[in-house]
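**Student:** build me a model from this:
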Amino acid sequence: MRFAVVGVGGIGGYFGGRLALAGEDVAFVARGAHLAALRERGLAVESVRGDFALPSVMATDDPVAVGPVDVVLVGVKTWQLGDVAATMGPMLGPETVVIPFQNGVEAADVLGATVGRQRVLLGTARIFSFIDGPGRIRHLGGPASLAFGETDGGSSPRVERIRAAMERAGITVERPADMRVELWEKFLFVVSLGGVGAVARVPVGVLRAVPETRALLRRAMTEIGEVARASGVTLPGDAIDRAMTFVDAQPAGATTSLQRDLADGRPSELEAWNGAVVRLGARAGVATPLHEFLYHALLPTELRSRGELGTG
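**Tutor:** Okay, the predicted model is just below:
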């Protein structure tokens, strides 16, 4: 199959790299110093599952140079989705499938409004990885797995074809019974961890060890579960317990992309994470006081990173 990876960060770089390493036809759409390094030196991945390098990859910032593909894997930040969707036209053939892997519950709607709802699947990635310099990806841990399916929650022949290609590349592909539940369970985990971690400014090992911050994680997850149920998605009764078990299994030094971006003064996914919990909760009539606090406490830093707030 022919793949385009739009956004060669921790998710796109790692999984796109695995596909290319296995011999799949992969085009990487990137920009800036990262693109220059990909063109000059290829892609290098440092991984707890084994390092690998691709000395030569097809990398460009021009979708026209890519042309029509079978699958577009979207790994950009949530706040970049609208702009990216507007550039995808040259990569879309009659049967092209678009899979977003953002940590949120609204990405498919944002992309579908531009590229056509019938093209878009629901997708999630479970991995701790990030750009560790131009042309380099570092994978710290996590299952390193993907899950994707139709927007009604189920599978289809096109989903199975893509799964088969990824599994041939050695990628673990989960098969959830309902992708909507999978999406919200991931949302429950990462948004709670991201918001509490960003406010506390400590890695996951500290968050889970201090009783007070551990309790905050559970409260944040409980609010998201209530919003999910009010939005028509009922999570399993043990969703929070399993999420906390997953927290306990992560590398002690791990942090979320939200926490790293805010700490480094970069635009983050705050609006699509804790902001979305507040917004969707208000729409569904569900109170979300902890997420309101997390969102409002982090918002000045987010606004400053976007140049919307002065330094005074």
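**Student:** my guess is Arg260 meets Phe130, correct?
**Tutor:** Yes: taking contacts as CB atoms under 8 Å, Arg260 lies within contact range of Phe130: 7.0 Å. Where you see a C-beta, it was placed from the backbone N, CA and C, and this is true even at glycine.
**Student:** have a look at the two and say which one is more surrounded.
**Tutor:** Each of Arg260 and Phe130 has its neighbours counted (other CB atoms under 10 Å); Phe130 has more, 19 against 15.
**Student:** contacting residues around the more buried one?
**Tutor:** 9-10, 137-138, 257, 260 (CB atoms under 8 Å, 6 or more residues apart in numbering).
**Student:** just the C-alpha atoms of the helix or strand containing Gln259, please, in PDB.
**Tutor:** Per DSSP states H and E: Gln259 is located in helix 257-263. The C-alpha trace of helix 257-263 is given here as PDB (Å, rounded to 0.1, in the frame of the first residue of the first chain):
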ATOM      1  CA  SER A 257       3.200  16.300  24.700                       C
ATOM      2  CA  LEU A 258       0.900  18.900  26.300                       C
ATOM      3  CA  GLN A 259       3.100  19.200  29.300                       C
ATOM      4  CA  ARG A 260       6.300  19.500  27.200                       C
ATOM      5  CA  ASP A 261       4.800  22.000  24.800                       C
ATOM      6  CA  LEU A 262       3.600  24.300  27.600                       C
ATOM      7  CA  ALA A 263       6.900  24.100  29.400                       C
END
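**Student:** immediately after that helix, which helix or strand?
**Tutor:** Elements were assigned by DSSP H and E; along the chain past helix 257-263, the next helix or strand is helix 274-284.
**Student:** run through who's touching that following helix.
**Tutor:** With contact meaning CB under 8 Å, 6+ apart, helix 274-284 is reached by 104-106, 191, 194-195, 223-224, 226-227, 230-231, 287-288, 291-292, 294-295, 298.
**Student:** any weak-confidence spans in the chain?
**Tutor:** Within the chain, the ranges that satisfy pLDDT under 70 run 311-312.
**Student:** counting residues, name the longest strand you see in it.
**Tutor:** Ranked by residue count and defined by DSSP state E, the top strand of the chain is strand 136-149.
**Student:** distance from the chain centre to that strand, please.
**Tutor:** Relative to its chain's centre, strand 136-149 lies at 10 Å (CA atoms, centre = their mean, to the nearest Å).
**Student:** who does that strand pair up with?
**Tutor:** Sheet pairing of strand 136-149 (DSSP bridges) gives strand 43-47 (parallel), strand 122-131 (antiparallel), strand 172-173 (parallel).
**Student:** correct me, but Gly82 touches Thr114?
**Tutor:** Yes: the criterion here is CB under 8 Å, and Gly82 meets it with Thr114 at 7.3 Å.
**Student:** any residues touching stretch 77-89, and which ones?
**Tutor:** Contact with stretch 77-89 is made by 6-7, 63, 72, 74, 76, 98, 100, 102-104, 106-107, 110-111, 113-115, 257, 267-269, 271-272, as judged by CB under 8 Å, 6+ apart.
**Student:** which among those count as buried?
**Tutor:** Among these, the ones that count as buried by 16 or more other CB atoms under 10 Å are 6-7, 63, 72, 74, 76, 98, 100, 102-104, 106-107, 110-111, 114-115, 257, 267-269, 271-272.
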